[in-house]
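[1] below are the sequence and a predicted model; questions follow.
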Amino acid sequence: MIWIETLINGLLLGGLYALFGLGLSLIFGVMKIANIAHGEMAIGGAFLAIATANFIGLPLVLTVPIILLMAWGFGFALQMAVINRVLGSDPMPPLLMTFGLSIVVQNLLVEMFGADNRSLDIGALGTASIQIGNTSLGVFPLLMFAIALALFGALHWSLHHTRWGRNLRATSDDPEIVGMMGIDRRRVFAMVMGLSAALAALSGMMLAMRGSITPFSGGERLLIAFEVIVIGGLGSIWGSLIGGLVLGIVHVIGLRLDPASGPLYGHLLLLVILLAKPEGLAGKARSR
Amino acid sequence: MLEVTGLKKAFGKLTVVDDVSTTVAGGEAMGIMGPNGAGKSTFFDLLAGATRADAGTVRLAGQDISTLPTEARVEQGLARAFQIPKPFASLSVREHLELAAVAGAGLGSNEARLEAETVMDRTGLADLANETGNGLRLLDRKRLELAKALATRPRVILLDEISGGLTEHEVHELIALVLDLKTPDLAILWIEHIAHALKEACDKIMMLHLGAKIIEDTPDAVTSDSRVRELYLGAANHA
């Protein structure tokens, strides 16, 4: 029975991991760049939420949407003002750019909030649980999982049934050619960066609700996001979901078997995947 | 419809497009010929805004579009079909055309759906509406390339060696398609190596050599011109 509970807890944690991966995967899928600042975007969003909720005293139901909007605006502006300028055939400038951004954001956070552990208090919801048979499941992890699944579903639907999604898929297939169809690819990139930043902030806030974070938590989150999309398969949104769930399960089982192991078993899984199926669990082998 | 004056482009010391001026009226088709390296594709790049010109102006229906970025020129009614078709791998034929109709022609979703149907009928793609870009054979990819350009509702269309790689029979199908495009509110510019295709479809032909315009005249006059013969057949044939 303990193993079923472990497995389910792993799945639920995996939903959060999948959200971390989704934002990174979107950026990679459309712009073919790695956003090194993804973890800091998540943690930055969480700290802003902590500031708004704990210091200003706004209720969480208001704080979360406000932070999501701010994150979207930040991502959009960042892309328009900075990243679009360094995008080109060379992947190095955007990599360095986002690496620099991650350092700046991290130090800003230390400067503003200090290096202490902080979290977002969700009150009784944090400890509420429901009993199914002999298994006890937390209400909040279930809620996070449901939100993650709903977001994946909504994103999949809009990619295939909206004008925005069609533009995004076309830009992902060939950013040079969309211009010839009357689409400004820089705007598409900015929309994607906005969405990715909002997803990052959401997963950061969930992390701070679930446990605690410090200004240095970003790097570790980025690592998890990378592992999620490599395990699942680069550039595919369902790959991120599968990668997140698998990584969540492996982490929880690893910690159960060996409480001192930390993320070790996740890293080992990544190595195994890179050796056995480098295109990822849901990825297709590519010829180019 | 299209008015080009003194268009110039140099890459370093190499002048690729040298002071080219021309006009193409609505309903008119102009062929563009020239040996490799004559600057034909760069000329199109300058018109489409893929490359910024060093000097000269491009006017579309009287409006100066020389400084607009590519996507804004498309909205103004300039479309381009490429030599090597570049369909979007994951979009269906229908989605390609709806995308072009919405983004390029500014149509609403319902109008765009109708426009896609019309263009598919016109270009013979109706049976392949749900096929993705990856699943098309070469002639259909070329058709899609043309259809994509048409769905943006252009007033000027640039055809860049669209018959390359096709069989003789397929080239004829393509010529019929281009002839069918000739309407009073569309100007056609067509770069092609296959002289007979241009002769059949075009009202006039412009000849480029080392970036400069050598001659612009009716197809018959161009193909019998001594300078053109020399360029294509070489001096040896003069004896």
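    Done, it's in. No experiment lies behind these values; they were computed from the predicted model shown. Numbers count the residues shown, from 1 in each chain, chains lettered A, B, ... in the order given.
[2] could you find the closest non-adjacent residue to whichever residue of chain B sits closest to chain A?
    Closest residue of chain B to chain A, CB to the nearest CB: B:G104 (3.3 Å). From N, CA and C alone the C-beta is placed, and that goes for glycine too. Nearest non-adjacent residue to B:G104, counting by CB to CB, 6 or more residues apart in numbering or on different chains: B:T152, 2.7 Å away.
[3] neighbours around that neighbour, how many?
    Using other CB atoms under 10 Å in any protein chain shown, B:T152 has 28 neighbouring residues.
[4] show me the contacts for it.
    Contact analysis of B:T152 by CB atoms under 8 Å, 6 or more residues apart in numbering or on different chains lists A:M181, A:G182, B:V74, B:G77, B:A79, B:A100, B:A101, B:A103, B:G104, B:A105.
[5] which one of the residues you listed is nearest B:R143?
    Using CB to CB, B:A100 comes nearest to B:R143 of these, at 13.7 Å.
[6] quick one: residues contacting the nearest residue to B:P35 once chain neighbours are set aside.
    The spatial neighbour of B:P35 that comes closest, neighbours along the chain excluded (CB to CB, 6+ apart), is B:L231 at 6.0 Å. Neighbour list for B:L231: B:G34, B:P35, B:M207, B:H209, B:I214 [criterion: CB under 8 Å, 6+ apart].
[7] tell me which element the second one falls in.
    Just to be clear, that refers to B:P35. Using DSSP states H and E, no element contains B:P35; it sits outside every helix and strand.
[8] next up, phi/psi of it, please.
    Note on B:P35: its backbone torsions stand at phi -60, psi 170 [degrees, to the nearest 10].
[9] pLDDT score assigned to it?
    We note a pLDDT of 84 for B:P35 in this prediction.
[10] again with the last one
    Among the per-residue scores, B:I214 holds a pLDDT of 86.
[11] so what's the residue count around it?
    B:I214: 17 neighbours (other CB under 10 Å).
[12] got a PyMOL select line for the buried ones in the contacts of B:L231?
    In PyMOL syntax, the buried subset of these is picked out as below (16 or more other CB atoms under 10 Å in any protein chain shown):
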select buried, chain B and resi 34+207+209+214
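[13] the contacts of B:L231: which two are farthest apart?
    For the contacts of B:L231, the maximum inter-member distance is 10.6 Å, found between B:P35 and B:I214 (CB to CB).
[14] contact partners for A:L202?
    A:L19, A:G45, A:V64, A:L68, A:A71.
[15] would you mind measuring from the third one to chain B?
    The span separating A:V64 from chain B equals 32 Å under the rule CB to the nearest CB, to the nearest Å.
[16] same check, this time on the last one
    Distance, A:A71 to chain B, by CB to the nearest CB: 27 Å.
[17] then A:S102?
    For A:S102, the distance to chain B equals 31 Å [CB to the nearest CB].
[18] what's the distance between that residue and A:Y17?
    In this view, A:S102 and A:Y17 are 19 Å apart by CB to CB, to the nearest Å.
[19] between these two, which one's more packed in?
    A:Y17 (31 against 22).
[20] contacts only, for the more buried one.
    So A:Y17 contacts A:I224, A:A225, A:V228, A:G243, A:G244, A:L245, A:L247, A:G248, A:H251 (CB under 8 Å, 6+ apart).
[21] try it again at 7 Å.
    A:I224, A:V228, A:G244, A:L247, A:G248 (CB atoms under 7 Å, 6 or more residues apart in numbering or on different chains).
[22] residues of chain B that sit close to chain A?
    Chain B comes close to chain A at residues B:48, B:70-71, B:74-75, B:80, B:86, B:88-91, B:95, B:99-100, B:102-104, B:109, B:148, B:152, as judged by CB under 7 Å from any CB of the partner chain.
[23] and those residues, which are buried?
    For the residues of chain B next to chain A, a burial check counting by 16+ other CB under 10 Å picks out B:48, B:70-71, B:74-75, B:80, B:86, B:88, B:91, B:95, B:99-100, B:102-104, B:148, B:152.
[24] off-centre distance for stretch A:144-158?
    How far stretch A:144-158 lies from its chain's middle: 13 Å, per CA atoms, centre = their mean, to the nearest Å.
[25] likewise for stretch B:69-79?
    Worked out by CA atoms, centre = their mean, stretch B:69-79 lies 14 Å from the chain centre.
[26] any idea of the mean pLDDT in it?
    Mean pLDDT, stretch B:69-79: 90.
[27] what of stretch B:125-143?
    Mean pLDDT, stretch B:125-143: 87.
[28] chain B: helices as residue ranges?
    Assigned by DSSP state H, the helices in chain B fall at B:40-48, B:70-76, B:93-103, B:109-123, B:138-151, B:168-181, B:195-201, B:219-223, B:226-233.
[29] one more: the stretch 1-150 of chain A?
    Applying DSSP state H, counting those that start in this stretch to the stretch 1-150 of chain A gives helices spanning A:2-31, A:38-50, A:60-78, A:84-86, A:92-113, A:139-161.
[30] burial of the residue of chain A found nearest chain B, as a residue count?
    Evaluated by CB to the nearest CB, chain A has A:G182 as its residue closest to chain B, separated by 3.3 Å. Neighbourhood size, A:G182 [other CB under 10 Å]: 26.
[31] grab the nearest non-local neighbour of it.
    In space, A:G182 is closest to B:G104, 3.3 Å off (CB to CB, 6+ apart).
[32] contacts for stretch A:178-192?
    With contacts defined as CB under 7 Å, 6+ apart, stretch A:178-192 is touched by A:26-27, A:30-31, A:76, A:79-80, A:84, A:167-168, A:170-171, A:175, B:48, B:70-71, B:74-75, B:80, B:99-100, B:103-104, B:148, B:152.
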